[in-house]
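*Asks:* Just a sequence and a predicted model for now, questions to come.
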Amino acid sequence: MSVAIGVLISMASKFSTYSSFADAAAKPDKSVQIVGQLAKEKPIEYNPEVDPNRFSFYMTDNNGDEAKVIYLDVKPQDFERSEEIVLTGKMVNDEFHASDMLLKCPSKYTEEEIQLKEQSSLGQ
Amino acid sequence: MFLVLSFVTSLMAAVSYFFSVREPLGKLKSSWINLGRTAFIIHGISVFSIIGILLYVMINEYYEYNYVWHHVSDDLDFKYIFSALWEGQEGSFLLWMFWHVVLGFILIKTAKEWEGPVLSIMAAVQFFISSMIVGLYFYMGDSFFKVGVNPMLLLRDVQEAPIFQNPDYVRMIKGNGLNPLLQNYWMTIHPPTTFLGFASTLVPFSFAVAGLWLGKHKEWITAVLPWALFSGFILGLGILMGGVWAYEALSFGGYWAWDPVENMSLVPWLILVGGIHTALVAKSTGYSIRSTYLFFIFTFVLILYSTFLVRSGVLGETSVHAFTEMGLEWQLVIFILFFLTVGLGLYFRKAKEIPEIQREESLYSREFWMFIGALVLVFSSVLISHTTSIPVYSKIFSFIYDLTNVSFLATAENWSPPEDVVGHHNKYQIWIAVFIATLSATVQFLHYKKQDWKGKTARSFTRYIGVSLIGAIAVSALISWAAGFNAWQLVIFLVAAWFTIIANVLYMVFVLRNNVKLAGSVLSHVGFGILLIGILFTGVKKQILSRDFMSVGVIEGFQEEDERSNILLRKGLPTRMGDYMVTYMKDTVDRRQRTFEVNFKRFDEAGTLVEEFNLNPNVLYDKAKTKIEASNPSTKHYLAKDIFTHVSALPNHEVDPEATKNAEDTLSYKPHIIAIGDTFYTSKHYVVFENFNQNPKHPEYVAEKEDIAVGAKLVVHKLDTAATWTAEPVYLIRGSMALGLDDSVDELGLKFKFMKIDPLDQTVTIEVAETAPKEEYIVLQALLFPWINLVWLGSLMMLFGMFVSMFKRLKEKRMLA
């Protein structure tokens, strides 16, 4: 019983918090989570013929800092449409190496755009 | 109309049944009951009617309705119409209500003296859920607040767009359709099962409230047991189906990810299982009545909490399958608080009169250890829900911080779940599982109400437990050696799993003497043990076949090289993966689906082929065929392992055909006027015009009677090799119209247009364009899951055990009545 309570207290007393690129650069060995947005004007690179497990892009964190992100996996579908990105990883030489990435794409379920039927095709 | 009717009648039923409970036996009581019953039946019929009408407008594709426009499209297969029905919030609320009605009807028939209080609670719950879809607006001066969202709203009332000016707009719009990820038969069976599971937890809750209300603290236990077991079975099945779906049809690459939505349906199930155990104790000994009340009250309240988490949008960035916000948050919160207050309020008011045995449970008794087991399940649930609720805490405490500015809450806004969620949960739950497995082995051989540690029971306990433990250690040692487990944690986990399997089998054979009717608990506990072994193997021995050795070390600073789990397969080029030579053979396109054929070959040491099979993962394009919307895996099943593959990336020209098409439109074509046998050159090839073909075949050409169609047979030679390719563009005259159908050799990047035939000169005009050759490849992820079948087998046994026990308890209940 006391073990159980001990575990609970220790869990409750230490929450992880979302970090920032500045913070991650200050503690290069610590794995952190960062929330931010895709920097849309910067290059988004994925070339499977060179390396199928390397995807890179730039992200702006909630403090407004921008950093290059390298993710050792494929480029996720619908990446450009993501509104928010949550990264887990470390800062290595000014690049953020993400081991995990979560995308929030709100439009996936509610596409608020009324599509018109295509004009009937060929020859009419 | 039915929406309001269902809303009003649920309230009427709740109130009438409520008064029926307060009346003593007699005429007035039965007339209240009749009134309640009538109201509930009308409520049920209205719910069925709403679903019927909604289905009707969906099947007939009436896009003027917002819900239809959102979830249906012209090209949606009829078999997915039900999936589309419960894809949205409103539809899933209806599904939930539907099951409450069905269960309510069964209880009206069978509950006898419990009908009044039980149905009163159920109708009250229905009242709250109906309020979510009733869509009433209350105006207070200038402002208004809305109650619920009506599923029958018209599109033009929800959105503003110029198109609604057109009186004929309904004919011009097309539906959004069902998310392709959900176009899958699991979407047809998983939600109904899960919602029946959700709905079924209301019955034990209602019985608990009824027991407190009537003061029948012992009787309700007998009445609730079959329902609790049913609920455990069906809710568990719903969760399991979710896992199978995630594994089989989605490209999650696993069956359990500790996702908030998974967690919050597991937690009520754990509490429910705890409640089943304390109910058994209460029934046999009279201990644990209080905790049984609490267990069943919290099971339902946690279902409501999980509904809140999934539907309120609060999970935001932490979950992959949360609904979007609908503005129902406060309504959901009131829903939870109301039933939490009803349950706990009644419990504390009546707590004093609940019979309690003064003496402590003896350390040697079954009831003591079963209660401990139930507490461990609570502990497990608290840990899981705590971590899952961090986004909720963050919302609440950052709100408090805004009000009070207490400094220690300054970071609340940024509170995040643990970095490694899976590792975090596993770290705790593994030891809980070990503890539960040990208990479920030993407790079988303990007896209820046993006070001391003497005599025959103690001797047989020692004998059976001793044999089981030694057996478990021996088997586990052997397996650990064979599988190469060397971490002691893994070995202990394995021993615990085998311990419960062996002990329960012994119990079945020597104590129950193979009486199948009593075998429920044995089945469940053996199933649990098997599940644990399955979890261990799939978790620890999961193997990435598609590990990409080629590019390892390209990026400096990454330690986690094992993250590289995707490999590039060029068409026709065999690549080694684990024991297999894997080749991407070809792809076929059918409507929006592109299916890949991936060939696996295994050779023995002498180099002879021992095994060969094909897997067919596919991708689904969106309606406009411009984007890939879903990648569906393909899995080869063996008894002892699964090989799981899915296409994780494709060349750019296949991911974004639109961009490719735009690029093609700007190509420059060079004309060549040639006769049969002539040759012309491109930069790297020469092309020979071999002959005409009077019966040309072309993928875009469907022959009609009066057509004049001619193909030009072209043979392409590369300048530096002997290899040849063929192409056949077609020239078509239909009526007064003439058009050319193009052909291409993608591998070489050559495109041919058939422009003209000159009958006098016997020449044709062929135009040719050169692009960069298209590389044909797929990026594949291939995983090997050893013994995943044990996960399915164990879970099914565990749930089936509950099903068997349900019949045993039903029989008991009938005998008592």
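*Replies:* Right, received. Where do you want to start?
*Asks:* Would you map the strands across chain A?
*Replies:* In chain A, the segments counted as strands under DSSP state E are A:16-17, A:32-38, A:45-46, A:55-61, A:66-71, A:84-92, A:95-104, A:115-116.
*Asks:* quick one: average pLDDT of stretch B:481-490?
*Replies:* Averaging pLDDT along stretch B:481-490 yields 88.
*Asks:* Quick check: end-to-end length of it?
*Replies:* 12 Å (CA to CA, to the nearest Å).
*Asks:* Find the centremost residue of chain A, please.
*Replies:* Centroid-nearest residue in chain A, with CA atoms, centre = their mean: A:I85, separated by 3.2 Å.
*Asks:* List the contacts of that one.
*Replies:* A:V35, A:G36, A:Q37, A:L38, A:M59, A:M101, A:L102, A:L103, A:K104 (CB atoms under 8 Å, 6 or more residues apart in numbering or on different chains). In this view, the C-beta of every residue, glycine as well, is placed from N, C-alpha and C.
*Asks:* about what we covered before: output the strands of chain A as JSON lines; include the columns mean pLDDT and distance to B:N263.
*Replies:* Shown next, in JSON lines, are the strands of chain A (pLDDT from 0 to 100; distance: least, CB to CB, whole Å):
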{"stretch": "strand A:16-17", "mean pLDDT": "82", "distance to B:N263": "17"}
{"stretch": "strand A:32-38", "mean pLDDT": "91", "distance to B:N263": "18"}
{"stretch": "strand A:45-46", "mean pLDDT": "90", "distance to B:N263": "32"}
{"stretch": "strand A:55-61", "mean pLDDT": "94", "distance to B:N263": "28"}
{"stretch": "strand A:66-71", "mean pLDDT": "93", "distance to B:N263": "25"}
{"stretch": "strand A:84-92", "mean pLDDT": "88", "distance to B:N263": "18"}
{"stretch": "strand A:95-104", "mean pLDDT": "86", "distance to B:N263": "16"}
{"stretch": "strand A:115-116", "mean pLDDT": "49", "distance to B:N263": "36"}
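*Asks:* Of all those strands, which one is nearest B:W481?
*Replies:* Nearest of the strands of chain A to B:W481, taken as CB to CB: strand A:95-104 at 32.6 Å.
*Asks:* and the closest one, is it in reach of chain B?
*Replies:* Yes - using CB under 8 Å from any CB of the partner chain, strand A:95-104 reaches chain B at A:E95, A:H97, A:S99, A:D100, A:L102, A:K104.
*Asks:* Find the nearest non-adjacent residue to the third one, please.
*Replies:* Leaving aside its sequence neighbours, A:S99 sits nearest to A:G89 (CB to CB, 6 or more residues apart in numbering or on different chains; 4.9 Å).
*Asks:* Let's see the distance spanning stretch B:75-91 from one end to the other.
*Replies:* First-to-last residue span, stretch B:75-91, CA to CA: 20 Å.
*Asks:* Where does the prediction get shaky in the stretch 1-150 of chain B?
*Replies:* Along the stretch 1-150 of chain B, segments meeting pLDDT under 70 span B:140-145.
*Asks:* brain fart, the stretch 301-450 of chain B
*Replies:* Using pLDDT under 70, the stretch 301-450 of chain B drops low at B:313, B:316-327.
*Asks:* same question, the stretch 551-700 of chain B
*Replies:* Regions of the stretch 551-700 of chain B meeting the criterion pLDDT under 70 cover residues B:551-563, B:623-624, B:656-666.
*Asks:* for the stretch 401-550 of chain B, what spans make up the strands?
*Replies:* Shown for the stretch 401-550 of chain B, the strands assigned by DSSP state E, counting those that start in this stretch span residues B:415-416, B:543-544.
*Asks:* Deepest-packed of those strands, please.
*Replies:* Of the strands of the stretch 401-550 of chain B, the one with the most neighbours on average (mean count of other CB atoms under 10 Å in any protein chain shown) is strand B:415-416, at a mean of 20.
*Asks:* helices or strands up against that strand?
*Replies:* Applying 3 or more CB pairs under 8 Å, 6 or more residues apart in numbering or on different chains; DSSP states H and E, we find strand B:415-416 packed against strand A:16-17, helix B:390-404.
*Asks:* From the contacts of A:I85, pick the one nearest chain B.
*Replies:* Minimum distance to chain B across the contacts of A:I85 is 5.2 Å, recorded for A:K104 (CB to the nearest CB).
*Asks:* Excluding sequence neighbours, find me the nearest residue to the closest one.
*Replies:* A:E84 (4.2 Å).
*Asks:* for B:W99, same thing?
*Replies:* B:A199 (3.5 Å).
*Asks:* check which helix or strand covers that neighbour.
*Replies:* helix B:185-200 (DSSP states H and E).
*Asks:* Quick check: buried residues in that helix?
*Replies:* Residues B:186-188, B:190-200 are the ones in helix B:185-200 that count as buried (16 or more other CB atoms under 10 Å in any protein chain shown).
*Asks:* Including pLDDT, could those residues go into JSON lines?
*Replies:* Output for these, formatted as JSON lines (pLDDT from 0 to 100):
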{"residue": "B:W186", "pLDDT": "84"}
{"residue": "B:M187", "pLDDT": "85"}
{"residue": "B:T188", "pLDDT": "89"}
{"residue": "B:H190", "pLDDT": "92"}
{"residue": "B:P191", "pLDDT": "92"}
{"residue": "B:P192", "pLDDT": "94"}
{"residue": "B:T193", "pLDDT": "96"}
{"residue": "B:T194", "pLDDT": "94"}
{"residue": "B:F195", "pLDDT": "95"}
{"residue": "B:L196", "pLDDT": "97"}
{"residue": "B:G197", "pLDDT": "96"}
{"residue": "B:F198", "pLDDT": "96"}
{"residue": "B:A199", "pLDDT": "97"}
{"residue": "B:S200", "pLDDT": "97"}
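*Asks:* what residues does the stretch 651-800 of chain B put near chain A?
*Replies:* Looking at chain A, the residues of the stretch 651-800 of chain B close enough under CB under 8 Å from any CB are B:P651, B:M737, B:E775, B:Y777, B:V779, B:Q781.
*Asks:* closest to B:K283 among the residues you listed?
*Replies:* Out of those, the member with the shortest distance to B:K283 (by CB to CB) is B:Q781, at 50.4 Å.
*Asks:* For B:W787, grab phi and psi.
*Replies:* phi 60, psi 30 (degrees, to the nearest 10).
*Asks:* go on, A:A39?
*Replies:* Phi and psi for A:A39, reported as degrees, to the nearest 10, are phi -80, psi 100.
*Asks:* and the residue lying closest to it once chain neighbours are set aside, what does it touch?
*Replies:* Using CB to CB, 6+ apart and skipping residues adjacent in sequence, the residue nearest A:A39 is A:Y58, 3.9 Å away. Neighbour list for A:Y58: A:L38, A:A39, A:K42, A:P43, A:E66, A:A67, A:K68, A:V69 [criterion: CB under 8 Å, 6+ apart].
*Asks:* How about B:I59?
*Replies:* Contacts of B:I59 by CB under 8 Å, 6+ apart are B:F78, B:I81.
*Asks:* Quickly note the distance from it to B:M97.
*Replies:* 21 Å (CB to CB, to the nearest Å).
*Asks:* neighbours around the nearest residue to B:I479 once chain neighbours are set aside, how many?
*Replies:* The shortest distance from B:I479 to any non-neighbouring residue, by CB to CB, 6+ apart, is to B:L494 (6.3 Å). By the measure other CB atoms under 10 Å in any protein chain shown, the count of residues near B:L494 is 24.
*Asks:* Minimum distance to chain A, which residue of the stretch 151-300 of chain B gives it?
*Replies:* B:K174 (4.8 Å).
*Asks:* okay, that residue: pLDDT?
*Replies:* The model's pLDDT for B:K174 equals 73.
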